[in-house]
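>>> Show me the folded form of this:
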Amino acid sequence: PYIKIPYAAIYNRLDIEAGADNTKKLSEEFLKFKGKVGVIKGTAYEPAAKIHFKNSEVIAYDNWKSAVAALKSGKVSLLYRDEFEIKALLKADPQLNIKFGVASIKDRTSNISVAICDSCGKLQQFVNYYLDTEKNDFSIVNSLKLLEAKKWTYQPKNLRWKILLP
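Model (predicted):
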């Protein structure tokens, strides 16, 4: 992996905090949540949400845009994805910070990596060379800066980020 991104959730503060026991940490109460959790269908977050939020109803959406719309409209109280996408959402729409909170799940990470076939030795050498010599820090903060600088493009069909090389 060239970047490890923690899983995260954006949640409706009123829905999560209303039923919380104030004598316990919110992180403990968070995993006991009994509402509706939105994820993107067919991603690793779908089975993970069923494990992490055992008391919740997990609703899978075809794409991120639909999942975000469901959160905003109140159809779900929480969205489960990676920290990069959650922070990118909040950066694009800062008003969401008023109604919604964010939780990073540090013990679960999404390892973004490159898969190369066994017979593609030269391609593997090139990719390793690029990752070793690239001056960019592939952190969430720097990835968000790249997004802002328009060096990233979003491809909604397969929900992947693609870096455009100079």
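>>> can you give me the strands for this structure?
3-12, 36-40, 57-61, 78-82, 100-112, 152-155, 160-163 (DSSP state E).
>>> and the first one, what does it pack onto?
When you say that, I think you mean strand 3-12. Applying 3 or more Cβ pairs under 8 Å, 6 or more residues apart in numbering; DSSP states H and E, one finds that strand 3-12 contacts strand 78-82, helix 83-92, strand 100-112. Backbone N, C-alpha and C define where each C-beta goes, glycine included.
>>> Going by neighbour count, list what's buried in the biggest helix by length in the chain.
If you go by DSSP state H, the chain has its longest helix at helix 121-133. Across helix 121-133, burial judged by 16 or more other Cβ atoms under 10 Å covers no residue at all.
>>> Could you check the angle it makes with strand 3-12?
For the pair helix 121-133 and strand 3-12, the angle between their directions (axes from the mean of the first three to the mean of the last three Cα atoms, to 10 degrees) equals 70 degrees.
>>> Can I get helix 121-133 in CSV, CA atoms only?
Extracted in CSV, the C-alpha atoms of helix 121-133 (Å, rounded to 0.1, in the frame of the first residue of the first chain):
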residue,chain,number,x,y,z
GLY,A,121,8.0,-6.9,-14.0
LYS,A,122,9.0,-3.7,-15.8
LEU,A,123,5.7,-2.0,-14.9
GLN,A,124,6.2,-3.1,-11.2
GLN,A,125,9.7,-1.5,-11.3
PHE,A,126,8.3,1.7,-12.8
VAL,A,127,5.5,2.0,-10.2
ASN,A,128,7.9,1.3,-7.3
TYR,A,129,10.4,3.8,-8.7
TYR,A,130,7.7,6.4,-9.0
LEU,A,131,6.3,5.9,-5.5
ASP,A,132,9.9,5.9,-4.1
THR,A,133,10.9,9.1,-5.8
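>>> Rounded mean pLDDT for that helix, please.
Averaged across helix 121-133, pLDDT comes to 80.
>>> next one: stretch 103-111
In this model, stretch 103-111 carries a mean pLDDT of 74.
>>> what does stretch 12-19 give?
Per-residue confidence for stretch 12-19 averages out to 80 on the pLDDT scale.
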